[in-house]
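Chemist: one predicted model, sequence on top.
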Amino acid sequence: MTSTFPLAETFRMSTRRRFSIYWKEIKYEFLKRLRMPVYSLSLVLFPTMFYTLFGLLMNRTGSIHQLSAATYLMATMACYGVMGVGLFGFGVGVAVERGQGWLEVKRASPMPAAAPFVGRLGTCLLFSIVVAISLLIAGTAFGGVRMTVSQVLLFLAALVAGSIPFCALGLAIGYFARPNSASAIVNLIYLPLSFFSGLWMPIEAFPPALQKIAHMLPPYHFGQLVLNVAGAHNGAVGVHLEVLTGFALICLGLARLGFQRDEGKLYG
C-alpha cells in the first residue's frame, strides 16, 4: 500500500536512521571508554577515593553550610568527578582523534556530522551518572547521608546538566590543543579550577581575595547548584544557571572557531 505522504514517510525514516546512528555512536564510544582502565577507573574511583578520605574519614562528624560534612563533600566531590569526565572525555579525546585523523574519516563517512559529538556527549553523561551514583552509595552507606528519592533524582539531574558546560570547555580545548599536550593542559585547568572554586574545601577557608575570585569561576556555581539540591538552601539558583549557561555558550563558540580553523586547513 502506497503512503499518501511519501515525503513525510521519508523524513520519518531518515530521522529514525539518524537516531539509530546516534545510539550506536553512544554505545560504542561508551564501550571503548569502559575498556580503557586509565580513563574509566581513574575518573570513577578517584572522586570516590578522595571523598572517602576527606568526607568519611577526616570530616565525618563536622557540618558545613547547614549540611553534614559528609553530605557537603559528597556533593562537591561529585561536581569534581563530573567535571573530569567532561574535560578528559572531550579535551583529550577530541585532541587525540584530531591528531590521528579519525575525525576527518568520520566527517567523510555517510553519517550525520553531529554523530561523533553526540556519541561522546552521551558517553560523558553516562559516566557522570556512574560517578554520582558511586558517591551516593558511599555517602549513604558510610557517611550517614540521607536524601529523599526526589532529592536523589534532582541531584543526578543537576550533575548531568552541570557537566555539559565542562564538556563544552573540553571540546574547545580539544580543538586547540595538540594531542601530546592535551592531557597536561586539561590537568592545568581542571585541578586549580576545582580547588579555587571550593570543591575541595569551603571557600570560607580561603583569604578574602581568593573568595572573590571563586565567585567568578564556573565550577563554584556548579557546586553551589548541586549543594542547593542536597539541602544547603544557598539561594541564587537562577544566577548559578545563568553563569553556567553563559560559560557553555562561550566555550561552544571557541570550539566552533577551532572547528572552522581545522576545516580551513583541510579544505583551504
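Modeler: Arrived safely. Numbering: from 1, shown residues only.
Chemist: surely V82 touches F166?
Modeler: Yes. Counting by C-beta atoms under 8 Å, V82 touches F166, with 7.3 Å between them. The way it works is simple: take the backbone N, C-alpha and C, and place the C-beta from them, glycine included.
Chemist: what about the longest helix in this structure?
Modeler: helix 237-267 (DSSP state H).
Chemist: which strands and helices lie in contact with it?
Modeler: helix 149-176, helix 218-230 (3 or more C-beta pairs under 8 Å, 6 or more residues apart in numbering; DSSP states H and E).
Chemist: ok and it relative to helix 149-176, angle-wise?
Modeler: 30 degrees (axes from the mean of the first three to the mean of the last three C-alpha atoms, to 10 degrees).
Chemist: for E242, give its distance to L225.
Modeler: Look at E242 and L225: by C-beta to C-beta, to the nearest Å, they are 11 Å apart.
Chemist: of these two, who's got more company?
Modeler: Using other C-beta atoms under 10 Å, the more surrounded residue of E242 and L225 is L225, with 24 against 12.
Chemist: which ones are touching the nearest residue to the more buried one once chain neighbours are set aside?
Modeler: Distance criterion C-beta to C-beta, 6 or more residues apart in numbering; nearest residue to L225, sequence neighbours excluded, is H240 at 4.4 Å. Going by C-beta atoms under 8 Å, 6 or more residues apart in numbering, H240 touches 221-222, 224-225, 228.
Chemist: and of those, the nearest to T148?
Modeler: Ranked by distance to T148 (C-beta to C-beta), the contacts of H240 are led by N228 at 14.6 Å.
Chemist: from what I can see the closest one touches G238, true?
Modeler: No. Using C-beta under 8 Å, N228 is not in contact with G238; the gap is 11.1 Å.
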